[in-house]
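>>> build me a model from this:
(chains A and B)
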Amino acid sequence: MNDVTRRDTPREAAETRTPERDGVRALQPLVDIHEEGNALHLIADMPGVTSDSLSIEVDNNVLTIEGEIRLDMPEGMSAIYAEVQAQRFARRFTLSHEIDAEAIEARLDNGLLHLLLPKKQSHHRRRIEVRAA
Amino acid sequence: MFGDLRRFDSGPLRGADRFRELLDELFPDPGLANIRSVPAGSYPMINIGRTDDAVRVYVFAAGLSADDMEISIQDNVLTLQGRRTDEDSGTQDNGRRPYFRRERTRGEFARSIALPEGLDADRAEARSKNGVFVIHLPKREELKPRRIEIQSP
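Numbers count the residues shown, from 1 in each chain, chains lettered A, B, ... in the order given. Got it, this is the predicted structure:
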């Protein structure tokens, strides 16, 4: 289980955290997103990312997923062919207000990230009574 | 290290980067594709690195454990085969629930890639960690760099 960090800082903080920051290129992880029950499920392919190198943040309704690709590489190795030409994965999504940022859960298993984004209680389906005047 | 390779596509650095030359060697002309080359982003993605005494193949296969992948080598061609199961395929309503994005590949896959000459397939080892499989292929003795002693006359 990984901690989801939350920030209540103003927007300017979010703006500096672009995927291209520090000039280091980041790959966008491929994701599946589906809705089931009272939650959204996000599954992302992030091979090489460890629970230490993964960071998940919700700031101002923007969900940021970032992870550094940690590979075991011997000294003096040179690349002869590379399809993965980056050292990080990064992707951002805007969340709707119905998502309860406090209740987001994350699981990382063999480089596969599973995020559970529950909806707020107030957004669960409910019946509205109509009263006679 | 593999991050450096992104410079392949940047114009100003063209020619300054020795990796660029290596890639041009692998893909001489965009209209002429290697018969075993695949479109970018095919699952699983592969990186290959070389040291003085070995070649290492990194296979980026998120969600796969050691049992899900079969790795074989024949005539210097490395073949990776496996199956990625839909982790929720057990649920009945699978397929009926609303999907907003479905970018990840699923099901069976098989990829082959030509390896450099002179590797000792018998001593190859493979390991998997965090969804990355590392295949270590030692070079044959006669191909390793050798120091040549200079003898005094």
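
>>> CA only for contacts and neighbour counts going forward, please
Will do.

>>> can you show me the strands along chain A?
Secondary structure of chain A, counting by DSSP state E: strands at A:4-7, A:26-27, A:31-36, A:39-45, A:49-59, A:62-69, A:78-82, A:88-94, A:105-109, A:112-118.

>>> actually chain B, not the one I typed
B:45-50, B:54-60, B:69-74, B:77-84, B:99-102, B:107-114, B:125-129, B:132-138.

>>> and the last one, what does it pack against?
Under the contact criterion of 3 or more C-alpha pairs under 8 Å, 6 or more residues apart in numbering or on different chains; DSSP states H and E, the helices and strands touching strand B:132-138 comprise strand B:54-60, strand B:125-129.

>>> which ones are touching the spatially closest residue to B:Val57 that is not a sequence neighbour?
Nearest in space to B:Val57, with sequence neighbours left out and distances taken as C-alpha to C-alpha, 6 or more residues apart in numbering or on different chains, is B:Ile48 at 4.5 Å. Shown in contact with B:Ile48 (C-alpha atoms under 8 Å, 6 or more residues apart in numbering or on different chains): A:79-82, B:55-58.

>>> scan those and report the most crowded one.
Ranked by the number of neighbours (other C-alpha atoms under 10 Å in any protein chain shown), these place B:Tyr58 first, at 27 neighbours.

>>> doesn't B:Ile135 make contact with that residue?
Yes: look at B:Tyr58 against B:Ile135 with C-alpha atoms under 8 Å: they come within range, at 6.5 Å.

>>> hey, least reliable of the strands of chain A by pLDDT?
The stretch with the lowest mean pLDDT among the strands of chain A is strand A:4-7, at a mean of 56.

>>> give me the beta-bridge partners of the closest residue to A:His41 other than its chain neighbours?
In space, and not counting its chain neighbours, A:His41 is closest to A:Leu116: 4.9 Å by C-alpha to C-alpha, 6+ apart. For A:Leu116, the beta-bridge partners under DSSP bridges are A:His41, A:Glu105.

>>> surely A:Leu116 and A:Glu105 touch.
Yes: if you go by C-alpha under 8 Å, A:Leu116 and A:Glu105 touch, sitting 5.1 Å apart.

>>> and the closest residue to A:Glu36 other than its chain neighbours, how many neighbours does it have?
Leaving aside its sequence neighbours, A:Glu36 sits nearest to B:Arg97 (C-alpha to C-alpha, 6+ apart; 6.7 Å). B:Arg97 has 12 neighbouring residues, counting by other C-alpha under 10 Å.

>>> what do you get for A:Gly48?
By the criterion of other C-alpha under 10 Å, A:Gly48 has 30 neighbours.

>>> just the contacts of B:Ile48 now: which is nearest A:His34?
Of all these, B:Tyr58 has the smallest distance to A:His34: 30.1 Å, by C-alpha to C-alpha.

>>> what pLDDT does the model give the closest one?
pLDDT for B:Tyr58: 95.

>>> close to chain B: what parts of chain A are there?
With C-alpha under 8 Å from any C-alpha of the partner chain as the criterion, chain A meets chain B at residues A:24-25, A:30-36, A:44-50, A:74-87, A:109-112.

>>> now stretch A:112-124, how far from the centre of its chain.
Its chain's average C-alpha position is 12 Å from that of stretch A:112-124, according to C-alpha atoms, centre = their mean, to the nearest Å.

>>> okay, buried residues for stretch A:31-51 please.
By neighbour count with 16 or more other C-alpha atoms under 10 Å in any protein chain shown, stretch A:31-51 contains the buried residues A:31-35, A:39-51.

>>> surely B:Gln97 and A:Gly37 touch.
To be clear, residue B:97 is Arg; Gln isn't right here. No: using C-alpha under 8 Å, B:Arg97 is not in contact with A:Gly37, being 9.5 Å away.

>>> hmm, back to that, mind putting the helices and strands packed on strand B:132-138 into JSON lines with distance to B:Glu103?
Below are these laid out as JSON lines (distance: least, C-alpha to C-alpha, whole Å):
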{"stretch": "strand B:54-60", "distance to B:Glu103": "16"}
{"stretch": "strand B:125-129", "distance to B:Glu103": "23"}
